[in-house]
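Participant: The sequence and its predicted three-dimensional model are supplied below.
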2 protein chains.
Amino acid sequence: MRAGVFFSIVVTALILSACESDTDVSRHPNLLVAAQDVAAMKRADGVSAPLFADALQQAQTEVDAAMAQALDIPLPKDPGGGYSHERHKKNALLLFQAGQLYTIKGDPRYANWAAEVLVRYADLYPTLGLHPEHKHQAPGKLFWQILNDAWWLTYVIQAYDMVLPAMTEDQRAQVESRLLRPYADFLSKESASTFNKVHNHGTWAAAAVGMTGLVLADDYYVNIALKGLDQSGKAGFLKQMDQLFSPDGYYTEGPYYQRYALLPFVMFARALDRHKPSMGIFEYRDRILIKAIYAAIQLTDGHYFLPLNDAIKDKGLDTIEMVYGVSIAYAKTQDKNLLAIARKQNQVVLTGDGLRVAVDLARSADVQFPFSSQLFRDGPNGDEGAVALLRAGDTTVVFKAASQGMGHGHFDRLGWQLYSQGAEIVSDYGAARYLNVEPKQGGIYLPENTSWAKQTVAHNALVVDRTSHFDGSVKRASKSSPELLQFVRGEQWQLVSAREANAYKGVVMTRTQILLEHPLLSGPLVLDLLAAESDEQHVYELPVHFQGQLMTFSGELAVNTDALKPLGTQNGYQHLWHKATLAPAAHRPLQASWLSNNRFYTLTAVAPADQTLLVAELGANDPEFNLRRDQALIARAETSGGVQFVQLLEQHGHYDGRAETVSQPRSAIARAAIEQHPGAQVLTLDTVSGQTLRIVLADDRAPERQHALSLGEQRVQWQGPVHLLVNH
Amino acid sequence: MRAGVFFSIVVTALILSACESDTDVSRHPNLLVAAQDVAAMKRADGVSAPLFADALQQAQTEVDAAMAQALDIPLPKDPGGGYSHERHKKNALLLFQAGQLYTIKGDPRYANWAAEVLVRYADLYPTLGLHPEHKHQAPGKLFWQILNDAWWLTYVIQAYDMVLPAMTEDQRAQVESRLLRPYADFLSKESASTFNKVHNHGTWAAAAVGMTGLVLADDYYVNIALKGLDQSGKAGFLKQMDQLFSPDGYYTEGPYYQRYALLPFVMFARALDRHKPSMGIFEYRDRILIKAIYAAIQLTDGHYFLPLNDAIKDKGLDTIEMVYGVSIAYAKTQDKNLLAIARKQNQVVLTGDGLRVAVDLARSADVQFPFSSQLFRDGPNGDEGAVALLRAGDTTVVFKAASQGMGHGHFDRLGWQLYSQGAEIVSDYGAARYLNVEPKQGGIYLPENTSWAKQTVAHNALVVDRTSHFDGSVKRASKSSPELLQFVRGEQWQLVSAREANAYKGVVMTRTQILLEHPLLSGPLVLDLLAAESDEQHVYELPVHFQGQLMTFSGELAVNTDALKPLGTQNGYQHLWHKATLAPAAHRPLQASWLSNNRFYTLTAVAPADQTLLVAELGANDPEFNLRRDQALIARAETSGGVQFVQLLEQHGHYDGRAETVSQPRSAIARAAIEQHPGAQVLTLDTVSGQTLRIVLADDRAPERQHALSLGEQRVQWQGPVHLLVNH
């Protein structure tokens, strides 16, 4: 309802503001770089705005080097990563930088060079058909994917906006009629299905075409960008703002694509904000774009984006999308916390917004971004599951009970990850892809992305009968979402819980994760309870993909020392070498410990009693060595009538190789047992130092509910879902 | 001869200088902390000497915390890493720090506390027998190894030296008669075989006993420390200085133990330097201790010590031994380059020497340590082989043609390593040990140190018939050393060559490594030629243990996709899973490429023609998961009448995941062939860009020799062993 009201306001504002456009060259530039900021940008120096001065110097070095030799504008030929692909990308950025240099330094050589390059592209463009490597559904002309073509125009239209005051009328006519307009037409009318997609490819196209419309003062392009080709509002930028983010600013494909998708949103929005301030685009949908920028920051750990779904793990807060995002969010919020992110980025963009970040950062000493526990609901209405972050000290639990996330989604319902000290400890594989590494199948998603990375066993999620959720069908998976049950915290605990009833027919999974802090524990402890209800007999397997060097085991360890076989033949299992099996031994908890970043971690498998832990290493059936050699511990139980896995993930001790000191290399847990009492489960942990910690988990999780329980002779009373007891 | 002359001078000086000692408490302290430095140390502040002020603050924090509660002095019980072991270590350091705090801050609370602790140890010590965990040949009393006992006394005698002016006569008598003297007697007379060892364990004992003698003004202890128990000079500190370092300052056990061995040398020498300056201990043997400190610095890459022989890879330039080494070397040389190392250490010791480093570092802006290509001859006379470092830009080739290096030596004659950007690329496993990690067999060397880490196949060294050099016999290996043939450089190349005739009966190995820099190459290129001469039929295998993610292969790749078996059953092969075999394909060079730290590397196996490359991963027959999962490419050929392996290790391109740019992910080498011409071998490299680089390697390697050769119609003339030609 509310989004609908906003939409009406925006549409009205848009119609009213059409008269804001004109063709007076003195109104340019007015996209991310705006005329009113130019004076300040000219004054900026290395003392008042060191990062801005650095960026200007770097741009000058790059553009001067390019101008010193003939610029190659090759015929489109290569796929992603290949020469012509990279060259056209680089040319767009050089044009953009030349425009900035002209604007800031006033040196006409930059404008003249950019004008010449634009005219050369205007000569080339009308001669182009579809890119020769157009194997994909949506081919471009300069690039193999139209997505890249849209990207190119977002930079080139900004370059044009900056240099057009220095261009002759004839040059402008050529560039507009032979490059910009046909290019915008190709992205829109001639590629209607991409353009009308409510998807990040559509957003790039909308931003490129819309910004072109703003610069050319052609409202047609602006209107189709905002409301779709038929201008009905069923597609276009506003619809994308409505649909692609949840009310909490979560982008359904996950953080990696959230970062990527952000750029056209914030670029085009900032341009609209300047040209059509009455639209209030940054207020739209309860400030959804600002929320999305903040969500992207929160959805990182140790600098890097959480690798949910198809995600390459190299991407972090210092990617260019986030540098733009922070500058624009700072312009709209003046939130000093953002300067902490800018400090990590150690880079600003050459815009007025970037300048403001650089100046304020130079004046600010200690700024910290408040990374916090947070719930990100998924879906346009926030009712399609959620991603939850539980943070305590240097520990982060990532709990994913989100929707499928379209084609880049993985089959990982109720999966989780653990970060500690900014590093992955319980990890997600991310995507099987070497982006732009041409010898690796041209840099596209590898076959192992489907055969491994998307499969359920590749995640820290429950596998039933060695199949993947929804049998690996995106279509089936997209029809339903997990149900978030609780996201709540007490003084010593944080809890998240969700249910998934559709991933496997006849099996209802409920997973609860609790992050506990207690003086008896050497660091935040994760308690993981995963219940599967079913009437049938099933094999249940629950992987923990861990990063580190295995150290010790408790239980009966049988290692496959002189021959390895894959764990299975399909659904990802064919890629796992079976290295060992750990079986329960009397009077000892089932445990595996590893060392990572000089800290020890122990997984204790408390229940069910008759489970085994498989030790596996990735790399089987990988004929091109495409996979990393990650490792997993897989808890396995075969039952009829359901199962409850109860696991603890403990952090302990320290290894200091320099000083040759080692503390607490073993788990503090000597015994662990879980019992169902009336109204509550009680997990009893006996520590090696002889103390007992009881974690009482009420069946009824209502935060205000009062509970009471008899434990032996002790009467225990508490409020809320979780209660901790020592030595009772 | 020369060492002999020096020895006489020292002995004379020693006898003459006996009168320098006295028992006047005002002469204390006079070991590493000396009375004449105290005034300056009292004046030091956070502005003039920030690192010194930091160290003082840290010491105060630690000692204040210890003084605030009862200090535990447990009965000796645990092995290395256990509680009593760690507690006694910590107590010695706390005593030492308390002495420093008393000296610098003048607060008698520190001296009183230290005096009390010393008296408590004096009460305990006479009650102790051998440590209960005395499984080792040389047990201690406080610790399981006497080595640790010696270490303890070197710190405690310094503590005593600092606090004795504040102690009562009665306390001093107790501590000297019940702790220091019996302790020194135990380390010397009662442990004669360790004390008289020309080995780092002997050096620790000599330093502890000798420093005790200096403080107690008891020349007997000083004399036996310097010249062995019988004072003949056949053992003791001077003999150790003669024998344990080569004339280039190389310590025969390798850099990891060089670091460890350095500390007692430089501590005791600095103490002698103060008490008996006329000895000129730092001038002894052509300044051998200063050379040893510089050698230790050079024998690092990217901060870490080169892991030759038994070595744990965590140790780098910031270990406490190097902090002392730098402070003392700086005191004796005033070489500002050392300040660059101190800057990396970001730490100084609380001595006058440490203060001088802190003050001068605070005043120095840009200091760089000149890491360089260097030859370190091995053996007391420098004629027992050598370790060579070839450095170019951010690339380092480590070539090991050194002697066995005693019990910690590995069977790795003519092995090598490659570092790039400060990271291991072609790596050595180092030691199989988790130092002080008690659950890993108490933290001692693991069984896999013998079954894997010491074996030849664990190194980048030639394996014949799948046996290790000298059949793994330290005794046999210690009888001979490789012969260094050349270490020479030209403008575009650096060359090292050595021969090993004894590692395998009937096989003479000669290895030449050349580090080449040429504009046609994207980075320094390693050319590796390994010739094995033999009359018999042998299987030759040459491993390259690489770090990184395999990317691509050129050749016929057969991957063991659905079952893995170990490569062999013994001599280390039992630990290698056989993952794939790469066989030659017509008209294509045999190549494997990998990605490491965002740079690509390609191994091209040029010769012999009929070799295969095995791809292996470590971890078979490892029932306790003690081994890291490192990887290797093993070139394999079976011939009668010898073989010559010719390999190229190329660095190329760049992967930037943040900016999504990738350059040159493939080898630049399209074809490679080597031919013997009259008087020279010619390696012809055809690049993918269509150029040809010829590397001409003269059979006669004399640096001044003139050569001429006809290549097709071209007459080529040059001087020296290597010549580069383009497009001929």
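Facilitator: Ah, there it is.
Participant: Need the single longest strand in chain A, by residues.
Facilitator: When chain A is parsed with DSSP state E, its longest strand is strand A:493-504.
Participant: So, low pLDDT: which residues of the stretch 551-700 of chain A?
Facilitator: Across the stretch 551-700 of chain A, not a single residue meets the criterion (pLDDT under 70).
Participant: what separates the closest residue to chain B within it from residue B:302, distance-wise?
Facilitator: Closest to chain B within the stretch 551-700 of chain A is residue A:657: 2.4 Å, counting by Cβ to the nearest Cβ. Heads up, the C-betas are built off the backbone N, CA and C, glycines and all. Distance, residue A:657 to residue B:302, using Cβ to Cβ, to the nearest Å: 15 Å.
Participant: Just want to know which of these two has more residues nearby.
Facilitator: Each of residue A:657 and residue B:302 has its neighbours counted (other Cβ atoms under 10 Å in any protein chain shown); residue A:657 has more, 17 against 14.
Participant: isn't there a strand covering residue A:341?
Facilitator: No. Using DSSP: H, G, I helix; E, B strand; the rest coil, the assignment for residue A:341 is helix, not a strand.
Participant: check contacts around it.
Facilitator: Residue A:341 is in contact with A:297, A:317, A:322, A:326, A:369, counting by Cβ atoms under 8 Å, 6 or more residues apart in numbering or on different chains.
Participant: So residue A:95: helix, strand or coil?
Facilitator: From three-state DSSP, the assignment for residue A:95 is helix.
Participant: what's residue A:451 in contact with, if anything?
Facilitator: Residues in contact with residue A:451 (Cβ under 8 Å, 6+ apart) are A:572, A:574-575, A:621.
Participant: Mind checking which of those are in helices?
Facilitator: Secondary-structure check on the contacts of residue A:451 using DSSP state H: no residue lies within helices.
Participant: Need the phi and psi values for the most centrally placed residue in chain A.
Facilitator: Centroid-nearest residue in chain A: residue A:255, 1.2 Å away (criterion: Cα atoms, centre = their mean). Reported as degrees, to the nearest 10, the phi and psi values for residue A:255 are phi -60, psi -40.
Participant: Report the entries of the contacts of residue A:451 that also contact chain B.
Facilitator: Contacts with chain B are made by A:574, A:621 out of the contacts of residue A:451, judged by Cβ under 8 Å from any Cβ of the partner chain.
Participant: For residue A:663, give me its contacts.
Facilitator: Taking Cβ under 8 Å, 6+ apart, one finds A:653-654 in contact with residue A:663.
Participant: which non-adjacent residue is nearest residue A:607?
Facilitator: Once flanking residues are discounted, residue A:607 sits nearest to residue A:646: 4.1 Å by Cβ to Cβ, 6 or more residues apart in numbering or on different chains.
Participant: isn't that neighbour right up against residue A:531?
Facilitator: No. At 9.3 Å, residue A:646 and residue A:531 do not qualify as touching, with contact defined as Cβ atoms under 8 Å.
Participant: Distance of the closest residue to residue A:165 other than its chain neighbours relative to residue A:217?
Facilitator: Nearest residue to residue A:165, sequence neighbours excluded (Cβ to Cβ, 6+ apart): residue A:25, at 4.4 Å. Using Cβ to Cβ, we find residue A:25 at a distance of 11 Å from residue A:217.
Participant: what's the answer for residue A:625, then?
Facilitator: Applying Cβ to Cβ to residue A:625 and residue A:217 gives a distance of 54 Å.
Participant: Any chance you could list what contacts stretch A:265-274?
Facilitator: Contacts of stretch A:265-274 (Cβ under 8 Å, 6+ apart): A:30-32, A:34, A:154, A:203, A:206-207, A:210-211, A:214, A:225, A:237, A:240-241, A:279, A:281-282, A:289, A:292-293, A:324-325, A:328-329, A:331, A:353.
Participant: and these, which are buried?
Facilitator: Applying 16 or more other Cβ atoms under 10 Å in any protein chain shown to these, the neighbour count classes A:30-32, A:34, A:154, A:203, A:206-207, A:210-211, A:214, A:225, A:237, A:240-241, A:279, A:281-282, A:289, A:292-293, A:324-325, A:328-329, A:331, A:353 as buried.
Participant: Before we go further, residue A:561 is sitting in a helix, right?
Facilitator: No. Applying three-state DSSP, one finds residue A:561 to be coil, outside a helix.
Participant: if I pick it, what's in contact with it?
Facilitator: So residue A:561 contacts B:620-623 (Cβ under 8 Å, 6+ apart).
Participant: Domains of chain A: list them as residue ranges, please.
Facilitator: Residue ranges for the domains of chain A, per automatic domain parsing: A:34-57+A:244-371, A:70-235, A:374-667, A:668-728.
Participant: So for residue A:646 and residue A:531, which sits in the more crowded spot?
Facilitator: A direct count of neighbours by other Cβ under 10 Å for residue A:646 and residue A:531 places residue A:646 higher, at 21 against 16.
Participant: Bridging across strands, which residues link to that one?
Facilitator: Following DSSP bridges, residue A:646 is listed with bridge partners residue A:529, residue A:607.
Participant: Switch the contacts of residue A:561 over to CSV; also include neighbour count and distance to residue B:261.
Facilitator: Output for these, formatted as CSV (neighbours: other Cβ atoms under 10 Å in any protein chain shown; distance: Cβ to Cβ, whole Å):
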residue, neighbour count, distance to residue B:261
B:620, 26, 35
B:621, 19, 34
B:622, 24, 31
B:623, 13, 34
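Participant: Among those, pick out the one closest to residue A:44, please.
Facilitator: residue B:622 (59.1 Å; Cβ to Cβ).
Participant: re the thing from before, comparing residue A:625 and residue A:217, which shows the higher neighbour count?
Facilitator: Higher neighbour count among residue A:625 and residue A:217: residue A:625, with 22 against 16, using other Cβ under 10 Å.
Participant: now stretch A:92-100: mean pLDDT?
Facilitator: Mean pLDDT, stretch A:92-100: 98.
Participant: Can you give the distance of the helix or strand where residue A:212 lies from its chain's centre?
Facilitator: Per DSSP states H and E: residue A:212 is located in helix A:200-216. Put simply, helix A:200-216 sits 23 Å off its chain's centre (Cα atoms, centre = their mean, to the nearest Å).
Participant: Now do it: which elements does it pack against?
Facilitator: Packed against helix A:200-216 by the contact rule (3 or more Cβ pairs under 8 Å, 6 or more residues apart in numbering or on different chains; DSSP states H and E) you find helix A:146-163, helix A:181-187, helix A:192-195, helix A:219-227, helix A:237-243, helix A:255-275.
Participant: and the stretch 301-450 of chain A, which of its residues are near chain B?
Facilitator: Counting by Cβ under 8 Å from any Cβ, the stretch 301-450 of chain A sits next to chain B at A:312-316, A:318-320, A:434-440, A:443.
Participant: from these, which two are the most distant?
Facilitator: Top of the distance list for these (Cβ to Cβ): A:318 and A:439, 26.7 Å.
Participant: So which of the contacts of residue A:561 reach chain A?
Facilitator: Taking Cβ under 8 Å from any Cβ as the test, chain A is in contact with B:620-623 out of the contacts of residue A:561.
Participant: and of these, the nearest to residue B:96?
Facilitator: Comparing the ones next to chain A among the contacts of residue A:561 against residue B:96 with Cβ to Cβ places residue B:622 closest, at 40.5 Å.
Participant: if I pick that closest one, what's in contact with it?
Facilitator: If you count contacts by Cβ under 8 Å, 6+ apart, residue B:622 has them with A:559, A:561, B:448, B:575.
Participant: For it, what are phi and psi?
Facilitator: Dihedral pair for residue B:622: phi -130, psi 70, per degrees, to the nearest 10.
Participant: quick one: it from residue B:504, how far?
Facilitator: 27 Å.
Participant: Same list (the helices and strands packed on helix A:200-216) but as JSON lines, adding mean pLDDT.
Facilitator: Listed next are these as JSON lines, based on pLDDT from 0 to 100:
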{"stretch": "helix A:146-163", "mean pLDDT": "97"}
{"stretch": "helix A:181-187", "mean pLDDT": "98"}
{"stretch": "helix A:192-195", "mean pLDDT": "95"}
{"stretch": "helix A:219-227", "mean pLDDT": "98"}
{"stretch": "helix A:237-243", "mean pLDDT": "96"}
{"stretch": "helix A:255-275", "mean pLDDT": "96"}
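Participant: All good on my end, thank you.
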